[in-house]
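# After the sequence you'll find the predicted model.
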2 protein chains.
Amino acid sequence: MADIKSPANPLFLREEELRQGIEMLFFAYRDFTGEPDAILSEIGLGRAHHRVVYFVGRHPGITVSELLAILKITKQSLSRVLSHLLTEGYVIQRPGEQDRRKRLLHLTAKGIELEQSLTANQRKRIAVAYRAAGAEAVQGFRRVLRDIIDIEDRSRFPDETIQLPGSPKR
Amino acid sequence: MADIKSPANPLFLREEELRQGIEMLFFAYRDFTGEPDAILSEIGLGRAHHRVVYFVGRHPGITVSELLAILKITKQSLSRVLSHLLTEGYVIQRPGEQDRRKRLLHLTAKGIELEQSLTANQRKRIAVAYRAAGAEAVQGFRRVLRDIIDIEDRSRFPDETIQLPGSPKR
DNA sequence: CTTTTTATGTCAGCCATATTGACATATTTC
DNA sequence: GAAATATGTCAATATGGCTGACATAAAAAG
């Protein structure tokens, strides 16, 4: 292995650093989705169901269009997954009050339970990593990740550091 | 919106922070793979081909087993993709010198060109985010992301900060 | 030197998740 | 009343995973 600290070849260093970034995202995502996927396959669901359950749980009353905008898939693709979740009783829909064309989606108790079991591991993973890295590193993590996201969705994640209880004010 | 700086409800804050972490990974990965996917679909390839081309380019002479360990898919799944890349002339294989059972994989010129065009956008994204965030934030990004990855693959990413040319020594 | 293990490939079938295109319905808005 | 919107559905297709079973060549071990 080349000595990566040597600044002899700046171009190589730069390329190496960028490639490591690419790969870290690949490995992190692979491992981040591995365990929920395993749980899902036992109950005959897939990753797509996870995404729907997650975002319906996160935004109760979300409409189908909003969900489509987040997932960036076609309505036909969503339809199958969502119908399944509806008939299996993980999700319910209620017509909108002002606009009755809209179907406002909510998790049932069963859906909440599923969502919790799926994200428990992911939350754990993040919590462990955040705790080990410290508030400053977390801020850097958020800062970089936010800029990797397309600009349209960046506003979901405030620039400001979230003040952790007990963490020192900078 | 609730005032996220208020420490009134620490449990809520914590949950919110973890969920944002989950979502940032989702959005980042979605957008990170979006553009390569578009290029690939034009030439009749998919994301799976990208991953193979990427890791063969990254580790010239990599064996099939090593590739399987990285991708964590079955050999049957890899086989289809790899065969296609071989017949289309993106990848070549050479028997190992010591162990001739092994097929050492390399990119052809065509493969290198494809790999470059696919990762150009990803490198750009990372480069822009890194530059905007600064060396310290990058270190935090790496620190957190590394801990999200399963421990077996963490060693791919050294703990040490890579010294950016021109960045001040801490 | 034969047996076993390893590295790899292949055939066949299955499933989940995505796609496009076309058409349908209810509701709201102009 | 016409047009736009929110949503659903049918049909066909592609991709990329999976399992199981079997095959071959080379290396390692007895």
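Yep, that arrived.
# So what's the residue count around the closest residue to chain B within chain A?
Nearest to chain B, among the residues of chain A, is A:G140, at 2.4 Å (CB to the nearest CB). For the C-beta atoms, the positions are set from N, CA and C on the backbone; glycine is no exception. Neighbour count of A:G140, defined by other CB atoms under 10 Å in any protein chain shown: 24.
# Buried ones in the strand or helix carrying A:Q116, by neighbour count?
Using DSSP states H and E, A:Q116 sits in helix A:109-133. Within helix A:109-133, the residues that count as buried by 16 or more other CB atoms under 10 Å in any protein chain shown are A:G111, A:L114, A:E115, A:L118, A:T119, A:Q122, A:R123, A:R125, A:I126, A:A129, A:Y130, A:A133.
# If we ignore the residues flanking it in sequence, what's nearest the fourth one?
The shortest distance from A:L118 to any residue other than its chain neighbours is 4.5 Å, reached at A:P36 (CB to CB, 6 or more residues apart in numbering or on different chains).
# Can you name the element that comes right after whichever helix or strand the one you found is part of?
Using DSSP H and E, A:P36 sits in helix A:10-42. Using DSSP H and E, the helix or strand that follows helix A:10-42 in sequence is helix A:47-58.
# near DNA strand C, which residues of chain A?
Within chain A, the positions near DNA strand C by CB under 7 Å from any atom of the strand are A:40, A:44-49, A:51, A:72-74, A:76-77, A:80-81, A:98-101.
# out of the residues you listed, who's near DNA strand D?
A:Q76, A:D99, A:R101.
# Wait, the residue nearest to A:L118 touches A:T119, no?
Yes: between A:P36 and A:T119 there is a contact at 7.3 Å, judged by CB atoms under 8 Å.
# need the helix or strand of chain A with the lowest average pLDDT.
Using mean pLDDT, DSSP states H and E, helix A:10-42 stands out as the lowest-scoring helix or strand of chain A, at a mean of 85.
# in chain A, what residue is nearest DNA strand C?
A:G46 (1.2 Å; CB to the nearest atom of the strand).
# What sits closest to that residue if chain neighbours are left out?
A:L40 (5.9 Å).
# and that neighbour, how many neighbours?
So A:L40, with other CB under 10 Å, has 20 neighbours.
# Quick check: it touching A:R51?
No: in terms of CB under 8 Å, A:L40 does not count as a neighbour of A:R51; the distance is 10.6 Å.
# separation between A:E15 and B:A120?
From A:E15 across to B:A120, the span is 12 Å (CB to CB, to the nearest Å).
# hang on, I meant A:K110
45 Å.
# Could you do A:E17 as well?
16 Å.
# what about A:L104, neighbour count?
That count, for A:L104 with other CB under 10 Å as the rule, works out to 18.
# Would you check that it makes contact with A:S65?
No: at 11.4 Å, A:L104 does not count as touching A:S65 under the criterion of CB under 8 Å.
# coming back round to it: from the residues of chain A next to DNA strand C, keep the buried residues only.
By 16+ other CB under 10 Å, the residues of chain A next to DNA strand C give A:L40, A:L45, A:A48, A:H49, A:R51, A:V81 as buried.
# Which pLDDT does the model give the last one?
pLDDT recorded at A:V81 is 92.
# which residues does the nearest residue to it once chain neighbours are set aside contact?
Leaving aside its chain neighbours, A:V81 sits nearest to A:A48 (4.7 Å; criterion: CB to CB, 6+ apart). Contacts for A:A48 (CB atoms under 8 Å, 6 or more residues apart in numbering or on different chains) come out as A:I73, A:S77, A:V81.
# backbone phi and psi for the last one, please?
Just to be clear, that refers to A:V81. phi -60, psi -50 (degrees, to the nearest 10).
# so it touches A:F55, yeah?
No: under the criterion of CB under 8 Å, A:V81 is not in contact with A:F55, lying 11.7 Å apart.
# C-alpha coordinates for stretch A:46-66, PDB please?
Output of stretch A:46-66 as PDB, limited to C-alpha atoms (Å, rounded to 0.1, in the frame of the first residue of the first chain):
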ATOM      1  CA  GLY A  46     -39.500  -6.000   0.900                       C
ATOM      2  CA  ARG A  47     -37.500  -2.900   1.200                       C
ATOM      3  CA  ALA A  48     -40.100  -0.900  -0.700                       C
ATOM      4  CA  HIS A  49     -42.600  -1.600   2.100                       C
ATOM      5  CA  HIS A  50     -40.100  -0.400   4.600                       C
ATOM      6  CA  ARG A  51     -39.700   2.900   2.900                       C
ATOM      7  CA  VAL A  52     -43.400   3.500   2.700                       C
ATOM      8  CA  VAL A  53     -44.000   2.500   6.300                       C
ATOM      9  CA  TYR A  54     -41.100   4.700   7.400                       C
ATOM     10  CA  PHE A  55     -42.300   7.800   5.700                       C
ATOM     11  CA  VAL A  56     -46.000   7.400   6.600                       C
ATOM     12  CA  GLY A  57     -44.900   7.000  10.200                       C
ATOM     13  CA  ARG A  58     -42.700  10.000   9.900                       C
ATOM     14  CA  HIS A  59     -45.300  12.200   8.300                       C
ATOM     15  CA  PRO A  60     -48.800  11.100   9.400                       C
ATOM     16  CA  GLY A  61     -51.400  12.200   7.000                       C
ATOM     17  CA  ILE A  62     -49.000  12.300   4.100                       C
ATOM     18  CA  THR A  63     -50.600  12.100   0.700                       C
ATOM     19  CA  VAL A  64     -49.800   9.700  -2.100                       C
ATOM     20  CA  SER A  65     -48.200  12.500  -4.200                       C
ATOM     21  CA  GLU A  66     -46.000  13.600  -1.400                       C
END
